Each structure stands twice: as structure tokens, then as C-alpha cells.
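>>> One predicted model, sequence on top.
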Amino acid sequence: MRVFRLKRWVMQNVGFATALLLLFVLLITYNMMHPRGFSSAVAIQNSNEAVAIIFVAMAQTLPVLLGGLDLSVGAIMTLTNCIASEVVNGSPAQMLFGAVLTLLSGSAFGLLNGCIVVYGRIQPIIATLATGAVAIGLALAVRPKPGGNVDDDLSWALTNSVYDLADTYGFADGGDAWWIRPFADIPVPILIVAIVALVVWLPFKRSVTGRTVYAIGSAEGAAYMSGLPINRAKITAFTLGGFLAACGGLYLAIQTSSGNADIQQAGAYTLNSIAAVVLGGTSLLGGSGGAIGSLVGAMILRVISFFFRILDIDPLLQPLIEGFVLLTAVSVGAFRTLRVKNKLDLFR
Amino acid sequence: MKTVLKMATAVAALAFSAHAAFAGPEVVSGPGADPACFAPWSKETKYFKWDAKPGPYKVAVVNGFVGNTWRIQMIKTAKAYAEDPSVKDKIGEFKVVSTGTDAPAQLGAIEDFINQGYDAIVTIAVSPEGFDRVIRLADKNNVVVVPFDNVLDTDKVMQINEDQLEMGRTWATFLLNELKAAGKTSGKILEVRGLPGNSVDRDRSIGIHEVLDASGGSWEVVQVVGNWDDGTAQKVTADAIAVHGHFDAIAAQGGTTGVVQAMLDANHPMVPISGESENGYRKLVAEHSADGLKGISIGQSPGLVAIAMKAAISALEGNTMPQLISVPLPVADYTTLKDGVNYWTDLPDNFFTVNEFPPCGVNISGPAIMSQTEADVK
């Protein structure tokens, strides 16, 4: 009975299941080849590198589920990164306030995107192209030169293992208490991503608004005729996208203890987020997939480049090889086209 | 079982490292080793000393952006230098990766190499800030991190660069001397600047203006932005010539081939000029210097990577090193240009002529590596 349910789940989530399997294989191979594979230090390094792109990919998922694209996610990450570099310091209360302010500003920017798309009736891809430029402009205004001073202890504590977190802030006997031992080697960044996924994404997906987002992506007309709250869902989706991108920006600021209005980096993150969404099994046509898939997709994207550091590959050929691997990975997700019983299915 | 053992060792090593005190370099007083090559930036520069480690060393180069001639030449130089007889035996393992303009990826790559037990990591930073965490980790694990070219705003790591301010000063001094020789003590100068907002552009321009202001002559300086790019520089120079008609001298920071091309196209008289080290620019100066195109050429050399590698190895051997190392400016002017020596008529315009630094024993010439195939330099 259980096998049957697993099989059904795999059939229903074939893209996500493939991505998960691929990530598992890549990660195991990487760790086996790494001189310090399967250690906490490697897990910490891997997760630190992946957090920003994971959040931006999760942010991109929402507009894609609606059947659109958001070209401003990288820019929102950069903007919030710059804001955080100004406000996340001082006393613990001030830092908390700064973090909340950062997340709110990202959400507000997402809300603005949503309102332009819904009330301005402009295609998301065009609207966000413009607002993305606005976000970069604001980021440059906030921080014309790279810099800022995010609290060092906060940076150290949140980019390491649970043990270091406890050690830095001196709770749980500085990390030596018996009850924290089982978790001591878990990287904090993984916990942060897991908490956001569980507390923000999953409840949203199960709500009426969340299901409406999927319905709009599948068939907007049908969703409208069924009386679903279309406008509310669209605005919420963009706002949540802004919030998730802000999580990425905030983490980036904590990780680097600084902010940098890097235009090229913003562009690279936007493009990579789209690749991650597709790798994670979300359809660019909208209506199927999810942010957890994008999380996995973003990690695959990162793990591919990890291999260049342990294998001897000519540095000038690395981008070429990365491109081919990516193409192969995306093609694996397209294998469903070989199994369709009816050609019309392909138009779904 | 093997994996379990490996994990146990790793966990033990981690637990140990977590309790170990802050290691890293000791701040000592100078002078440092090999001062002809590793010249301290200024008198205030402090000196670092790491505990000597037995070789051979594992060395990694973590590049950011890749995709212009300079970076490709830099990567090829790094690979060629790793095979150079003077360091080959000291380098056990050597890797080069490019992360693109992505700060987390670059930081991640550096941290990965620290985890892999590399001894030295040479890098061109994608951002002047944000490396605190990896510097802390490197110090903990006694790894030498050496940023060069685009350096960091910190004095906690050993860094290597050319003095951009001095470069600007040298350019302006040359121009003033040439103008004086022609009997001019005032006039109009065109300044072609680089990428706006970049510290290199800022420092070079400050250097130029410092010397011009100090000369006492009345110089009218017209500034245009050329982004260090031949195409852009050519366009803005052509525009400036169209508007202003005549300049007495040109101070360009880069894209100099384009600048001279614009002068030729507009039939602008050949005047004294300063510029970068592009092969095309040196070709044009050699060709037209008799007509008055008296040029000076100073470059930010892709060969800096080799000096950074050499400095890293020297630090690992336990030598005293300056925290900020100033590499001598590779200067050539119209009197010293020689085909086949410091420029090459049979090679493309867009490559950077200065690659070798004799005081450092870095003798890999640009054309030697650019004309070779990938297979040859391995």
C-alpha cells in the first residue's frame, strides 16, 4: 500500500522527484571525492554558498507558477542586501528591527510589482524589467560604494554550525549541553532555509490564495469563472516573492557583513533563479511545481560548480562544461514528453 | 567503515579547530624577504610572518569575472607560472576556478579550498568588502589568502597591486615633459577615464590631476568616460575632438588603441599621449611617433597573478612579507618600444603586452602564452 502511494507521488511529481534524485547523486559523489567529504565544515560551506540563490529561486517560483517571469528578483535581493548593510547592527533589538525592516522593504517592493501587474495590467516580465532597474537604482542610492558593517558576531554565528551559534551567544553551555549535541553539527543556514520553507511556503501553498496561484497558472479563465480571488492571489504571490528575495538579500548581507549594489550580480541571480526553477520541476507555463523544487534546483545549480574545485578541468573550459551539464539536467526533466499517451498532453 | 573513520576524523578535526585559538600571521617588523620584488607599499606598511610549512604546497587561484582578454591572459599566465622551473617543485597541486561576478560563489570557492586543505589561495576579489568570514577561517587554518588586482579594503591579509596613483602621476609627468620639450606650458588636455565608480579609475585620475595642478601651468582638462574599452574610448574621443577641435595632449587610462584610432580618423595632429599597455596602442605609437605621437605606455599586468603566487609561496616558507605589496610599474615609451620585445606587430591589438617582471623572476612573456595552444601550457 505504501509502495503504491510512493509510486503515485513520484508519478505526480516527476520533475521534482528527478531533481531530488539528481541532487542526491551529485552531492554524494561530490562528498566522496572531497578530501573532507561528509564533514560538517563541507556542509557549512556548501549551504552558505547556496542560501542566497535558494531564496531568490524560491522567490522566482511564485511568478512562474502564475505563468509569468519576475526579472526583478535579483535586483530586490541586491536592494535588500544594501538596506540590510545599513540597518542590521547595534544592539540585538536594533539588529532584529533592522532585519524586519529589510524583509518588509523587500515585501513592499514585491507588493509594488504585484499592484503594477494587477492594476496596471502590464505583463509581469515587462513590469518587473522596469521595477528591477528601479530597485538597482535605489540600491545604488543607498550604497554607492560597497561596504557597511553588519554585526560580526551575528555574521559568524549564522554562517556556521549550531555549535558555533551557541558558542558565540553563550547559550546551552556554549554549545556543550547534552540536548544540543544531536544538532550541534547542523549548519545554521540549512535551518534558516528549512524554517522559511516550513513556516512561510507550505502554509501559503495550502491556503486558498496559494491554491488560486496554481489555478491561475493552469487556466486563468477557469479560475476566474470559479470565483477564485484572482487579484488577491497575484498580489500576494508577488509580495511573497519580494519577501523571499529579501530573505536572500538579508542573508547575503549577514554572510558578507556588507552590502554591494552589484548590477552584474543582480542580473546573474535573476537568470540563475529561472534556471533553478526549471531544474526544480516547475513548469514555465505555470500551474505546476513549487518552491521546494526550486530550492532543490538551486542546490543542483550550485553543486555542479562545486565539481570544478575537486576535478582537474581546464579553467577556460569550465563555463562550457557547466552549460552542457545544465542542458543535460534540464533535458532530463523533459523526458515526460517521451511518455505522453496523447500529443495534446504536450500543450499542457 | 572507511567512511565512518573519515567522518570521525573530520568531526574530531572540526571539534579541535573550533577550540583552537585564533592563528593567522604574526605582525612583525620589516624588512621583508626579497624587497626588490616584494616592495612594501609605503613606510607605514606592516609586515606579516606565517609559521613555515613544509612544501610542496597546494595552491588555488579563485578568479571572479572571466571573459575579457586580460582575465584570459591572467589565467594562462597562472597556469604557465605553476609549471615554471623556479616554483614547479614547490607546488604540489594547482587549481584555477572562475566563479563569475557572484560574491557567495567566490567566498564559497575560497572556503571550499580551505576545507580541502589548500595552503594558499590567490584571488581577484569581486567586491572590496565581505571577506571577513573567509579571512577568519583562513587564519584559523593557517591558509594564506592573497588578493591582487581588485584588492580588499582590509589590512588583515597580504595583498598585491600596482600603485594606480603613481601610474597617473607618471603619465602626467611624461606628458608635461613632452609638452615642455615642444615649448608648451599651457593648453588643453583630453582625459579619457575608465569605469566610473571604480577605485582604479579614481586613483589614476587623482594622480594625473595632482601632477597637472602642481606644474603651475594653466591646463584645461576635458574629461570623457571611455570605460577602458576600445570601442567606447574611440567614440568618446571622436566626439571630444569634434566638439573641441584640438588638444595639446591626451591622457587616456585604457582603450588607448581606440583613442589613437579616433585621432587618426579625425585627422587630429599627432600629440603626446599616455595610455595602457595594449599591443595595438604600442603598434600605433611605434608607427606614428616620428609624426608626433609621442606615447608612454604603462599597464596593469596580468602577470600580477604570478607575483601573487610567488608571494604566497614565500609566505608559506616562513619569510617575512609586507602586508601590502607594490609591484613596480612596467613603463615603456616611444623611445624604448621595440618590435618583438615589448610589442608585437604580428599579434592582435587587444592583448596586454606587459606580462613579465624580471625583478621577481617572472619571465613569462604575454605572446609566448597567448600564441600557444591550451595543450602547450599544461
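Yep, that arrived.

>>> wait, what's in contact with B:H209?
B:168, B:172, B:221 (CB atoms under 8 Å, 6 or more residues apart in numbering or on different chains). No exception for glycine: its C-beta is placed from N, CA and C like everyone else's.

>>> Isn't the first one up against B:V200?
No - contact criterion CB atoms under 8 Å: B:G168 and B:V200 do not qualify, at 10.0 Å.

>>> of these two, who's got more company?
B:G168 (27 against 20; other CB atoms under 10 Å in any protein chain shown).

>>> Figure out the helix or strand that the spatially closest residue to that one that is not a sequence neighbour lives in.
Computed as CB to CB, 6 or more residues apart in numbering or on different chains, the closest residue to B:G168 that is not its neighbour in sequence is B:G207, at 2.1 Å. If you go by DSSP states H and E, B:G207 is part of helix B:199-215.

>>> What average pLDDT does that helix get?
Helix B:199-215 shows a mean pLDDT of 90.

>>> Mind splitting chain B into its structural domains?
B:13-161+B:302-328, B:164-298 (automatic domain parsing).

>>> In CSV, list those along with distance to B:V362.
Listed next are the domains of chain B as CSV, based on distance: least, CB to CB, whole Å:
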stretch, distance to B:V362
domain B:13-161+B:302-328, 4
domain B:164-298, 15
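
>>> worst average pLDDT in those domains?
domain B:13-161+B:302-328 (a mean of 88).

>>> Can you pull out the low-pLDDT segments for the stretch 1-150 of chain A?
A:1 (pLDDT under 70).

>>> mind listing what A:V88 touches?
Applying CB under 8 Å, 6+ apart, we find A:V88 in contact with A:95, A:98-99, A:102, A:150-151, A:154, A:250, A:253-254.

>>> so where do the helices sit in chain B?
B:2-19, B:69-82, B:85-88, B:103-115, B:132-140, B:164-181, B:199-215, B:230-244, B:256-265, B:279-288, B:304-316, B:366-371, B:374-377 (DSSP state H).

>>> ranges for the helices of the stretch 51-200 of chain A?
A:73-87, A:92-119, A:124-142, A:152-158, A:162-169, A:172-175, A:188-196 (DSSP state H, counting those that start in this stretch).

>>> how about CSV for the ones you listed, with distance to B:D248 and mean neighbour count added?
Formatted as CSV, these follow (distance: least, CB to CB, whole Å; neighbours: other CB atoms under 10 Å in any protein chain shown):
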stretch, distance to B:D248, mean neighbour count
helix A:73-87, 43, 30
helix A:92-119, 51, 19
helix A:124-142, 36, 20
helix A:152-158, 52, 18
helix A:162-169, 62, 20
helix A:172-175, 69, 16
helix A:188-196, 59, 18
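
>>> With distance to chain B as new columns, can the ones you listed be given to me in a markdown table?
Shown next, in a markdown table, are the helices of the stretch 51-200 of chain A (distance: least, CB to the nearest CB, whole Å):
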| stretch | distance to chain B |
| --- | --- |
| helix A:73-87 | 9 |
| helix A:92-119 | 16 |
| helix A:124-142 | 9 |
| helix A:152-158 | 6 |
| helix A:162-169 | 7 |
| helix A:172-175 | 9 |
| helix A:188-196 | 10 |
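
>>> right, and the ones you listed - which one's nearest B:I250?
helix A:124-142 (30.4 Å; CB to CB).

>>> Name the residues that touch the closest one?
Contacts of helix A:124-142 (CB under 8 Å, 6+ apart): A:63, A:66, A:68-76, A:78-79, A:81-83, A:86, A:109, A:112-113, A:116-117, A:120, A:238, A:259, A:261, A:263, A:266, A:270.

>>> Let's see that with 7 Å instead.
The contact list for helix A:124-142 (CB atoms under 7 Å, 6 or more residues apart in numbering or on different chains) reads A:63, A:68-72, A:75-76, A:78-79, A:82-83, A:86, A:109, A:112-113, A:116-117, A:120, A:261, A:263, A:266.

>>> What is the neighbour count of B:H244?
12.

>>> I meant A:R309, not that one.
23.

>>> A:V199 now?
Around A:V199 there are 10 residues (other CB under 10 Å).

>>> quick one: it from chain B, how far?
23 Å (CB to the nearest CB, to the nearest Å).

>>> Next, count neighbours for the nearest residue to B:L176 once chain neighbours are set aside.
Sequence neighbours aside, B:S215 is the residue nearest to B:L176 in space, at 5.4 Å (criterion: CB to CB, 6+ apart). Other residues near B:S215 come to 17 when the count uses other CB under 10 Å.

>>> Could you do B:D239 as well?
The burial count for B:D239: 12, using other CB under 10 Å.

>>> Save the helices of chain B as JSON lines, and put in distance to A:V3 too.
Conversion of the helices of chain B to JSON lines gives the following (distance: least, CB to CB, whole Å):
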{"stretch": "helix B:2-19", "distance to A:V3": "29"}
{"stretch": "helix B:69-82", "distance to A:V3": "52"}
{"stretch": "helix B:85-88", "distance to A:V3": "58"}
{"stretch": "helix B:103-115", "distance to A:V3": "39"}
{"stretch": "helix B:132-140", "distance to A:V3": "45"}
{"stretch": "helix B:164-181", "distance to A:V3": "67"}
{"stretch": "helix B:199-215", "distance to A:V3": "62"}
{"stretch": "helix B:230-244", "distance to A:V3": "63"}
{"stretch": "helix B:256-265", "distance to A:V3": "68"}
{"stretch": "helix B:279-288", "distance to A:V3": "68"}
{"stretch": "helix B:304-316", "distance to A:V3": "56"}
{"stretch": "helix B:366-371", "distance to A:V3": "59"}
{"stretch": "helix B:374-377", "distance to A:V3": "51"}
